[in-house]
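**Q** fold the following for me, if possible:
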Amino acid sequence: MKKGFTLVELLSVIVILGVISLIVFPVITKTMKASKEKLYQTQVFQLTESGKKWALEHISDLDPEHVNDVYVPISMLKDLSYLDKEEITNPKDKTAMNGCIIIHYDTDKKSYNYTYQEYSGSEKKNTCTLSTAGYVYEFTSDKWNKNNDHATLSAIETILNTNPLTASGSGLYEDTGIYYFRGTDANNYVTIGTETWRILSINKVDRTIKLIKDRSISNSFWDNGSNILFLGTKDSNGNVVPSNALNLLESYYDSSTSAINTKIGTGIFNLKLYPTGSWNVGSIVDTTNNIDDLRRLEKTTIVTSKIGLLTPFEYVNASLSETCETTVSESCRNDNYLYNLMASNPNFGGAWLLNNDGTSKIWYVNTNGALATATPNTATYSLFPVIIVKNTVVIDPNLGGTHGTKENPYVFK
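**A** Numbering: from 1, shown residues only. Next up is the predicted model:
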């Protein structure tokens, strides 16, 4: 006689199957989800690689100033045969991947990175949604064109556009890969928040801008002891004791009331500064009166700091005096905006510079406009902060001027 399952047995089987499903189904679901995610990332990699291939063949279409991103629609990559497949499907929802490749330059790593941006709108040729300033490719007039409407001019571009290189008179001059402002009427005024600065130079190699504040932050000793090194010397315990000048400059830089350390526009300005800017602090012997020797000796020692002072060469190089083109003398004050800024006021007594003479003294600019030396703890002169700014900073025409004049200065954002 056959017997069927009892109710208890059936319930036991159901319970066991339920327990198994609770264990197995999540595992299966998780595995399927992970598989789809892996396939999705493979698809994204394929898309970004096609964007990279396009970029390598169109370097001239990328922003040489590294301020603007470039937005390349997937539909453009398909049209130009940079993608092998006619359609790439998102395995997560079975929809076509019709987004955009964003090409961005990483200034810290000094390389481009490529990001796929999803697009949730309807299918069309231009499928890029701009999230940062940049160039976007659009399909118009039966071809792909680069739309510049959303692009931003870099600070260097704006400065060079409004200050073309000159061969005479006040303006911008080129010297061994660096642009320098020279003369008394240089249009190199910049405002940062409520502060006014002057553009010293533009480095074409690392694409940075060096600024000097138009006001002294202190009249003080260069050092309270006999320290002649800007970054400081080690004490008997092996601890580095920075110069008084560096302490004062860093206190100003880090001050919550300083415009270079306050929120401006959409970002914190000091995040756009090089925290490891290079400064020429080589010792300059007291007998040096040749411009070329001055520049060479300054470069014999280079240190890194987030803030510094003017060097002797930078001071004399701002003069339009013919004598000062080869020889260091009081004539370097002639047609020199830095002399008018730093040392022409007799109340200052002069302005400290960055370099020492190799023995026990520091260089400074005296009120006659000449370079001189003084012991670091016996004379009080002015400190004019100098900072180095990345080219990623932009000049905002909506906040003020774009001409660099005193009345209409550049506005850094």
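
**Q** neighbours around N317, how many?
**A** As a burial measure, N317 scores 24 neighbours (other CB atoms under 10 Å). In this view, the C-beta of every residue, glycine as well, is placed from N, C-alpha and C.

**Q** show the pLDDT at it.
**A** You'll see N317 listed with a pLDDT of 94.

**Q** what are the phi and psi values for the nearest residue to it once chain neighbours are set aside?
**A** Spatial nearest neighbour of N317, chain neighbours left out: Y180 (5.6 Å); criterion: CB to CB, 6 or more residues apart in numbering. With angles defined as degrees, to the nearest 10, Y180 sits at phi -120, psi 140.

**Q** begin at 793 from here
**A** Got it, the first residue is 793 from now on, which makes the last one we talked about Y972.

**Q** list the contacts of Y972.
**A** For Y972, the contact set (CB atoms under 8 Å, 6 or more residues apart in numbering) comprises L964, Y965, E966, L992, S993, E1106, N1109, A1110.

**Q** repeat that for 10 Å
**A** 963-966, 978, 980, 991-994, 1002, 1105-1106, 1109-1110 (CB atoms under 10 Å, 6 or more residues apart in numbering).

**Q** list only those of those flagged as buried.
**A** Buried members of the contacts of Y972, counted by 16 or more other CB atoms under 10 Å: 963-965, 978, 980, 991-994, 1002, 1105-1106, 1109-1110.

**Q** just checking, which of these belong to strands?
**A** G963, L964, Y965, I991, L992, S993, I994, K1002 (DSSP state E).

**Q** strands of the stretch 843-992 of the chain, start to end?
**A** Per DSSP state E, counting those that start in this stretch, the stretch 843-992 of the chain carries strands over the ranges 861-865, 892-898, 903-909, 926-932, 935-939, 963-967, 970-974, 981-984, 987-995.

**Q** which neighbours in the sheet does the second one have, and how are they oriented?
**A** The reference is to strand 892-898. Here strand 892-898 is paired, per DSSP bridges, with strand 861-865 (antiparallel), strand 903-909 (antiparallel).

**Q** cool, the longest one as well?
**A** Each strand that strand 987-995 pairs with, and the sense of that pairing, follows from DSSP bridges: strand 970-974 (antiparallel), strand 981-984 (antiparallel), strand 1000-1005 (antiparallel).

**Q** so for it, mean pLDDT?
**A** According to the model, strand 987-995 has a mean pLDDT of 93.

**Q** okay, now the unreliable bits of the stretch 943-1092 of the chain?
**A** Residue ranges of the stretch 943-1092 of the chain with pLDDT under 70: 1047-1068.

**Q** show me what V862 bridges to in the sheet.
**A** What pairs with V862, by the bridge criterion (DSSP bridges), is I895, Y927.

**Q** can I get stretch 1030-1049 as PDB, trimmed to CA atoms?
**A** Output of stretch 1030-1049 as PDB, limited to C-alpha atoms (Å, rounded to 0.1, in the frame of the first residue of the first chain):
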ATOM      1  CA  GLY A1030      68.500  69.800  14.600                       C
ATOM      2  CA  ASN A1031      65.300  71.700  14.200                       C
ATOM      3  CA  VAL A1032      64.900  74.100  11.200                       C
ATOM      4  CA  VAL A1033      64.400  77.700  12.300                       C
ATOM      5  CA  PRO A1034      62.900  79.600   9.400                       C
ATOM      6  CA  SER A1035      63.900  83.200   8.700                       C
ATOM      7  CA  ASN A1036      61.700  85.900  10.200                       C
ATOM      8  CA  ALA A1037      60.900  87.000   6.700                       C
ATOM      9  CA  LEU A1038      59.400  83.600   5.800                       C
ATOM     10  CA  ASN A1039      57.500  83.500   9.100                       C
ATOM     11  CA  LEU A1040      55.800  86.800   8.400                       C
ATOM     12  CA  LEU A1041      55.100  85.900   4.800                       C
ATOM     13  CA  GLU A1042      53.500  82.600   5.700                       C
ATOM     14  CA  SER A1043      51.500  84.200   8.500                       C
ATOM     15  CA  TYR A1044      50.100  86.600   5.900                       C
ATOM     16  CA  TYR A1045      49.500  83.800   3.400                       C
ATOM     17  CA  ASP A1046      47.600  81.700   6.000                       C
ATOM     18  CA  SER A1047      45.700  84.600   7.500                       C
ATOM     19  CA  SER A1048      41.900  84.200   7.400                       C
ATOM     20  CA  THR A1049      41.700  87.800   6.400                       C
END
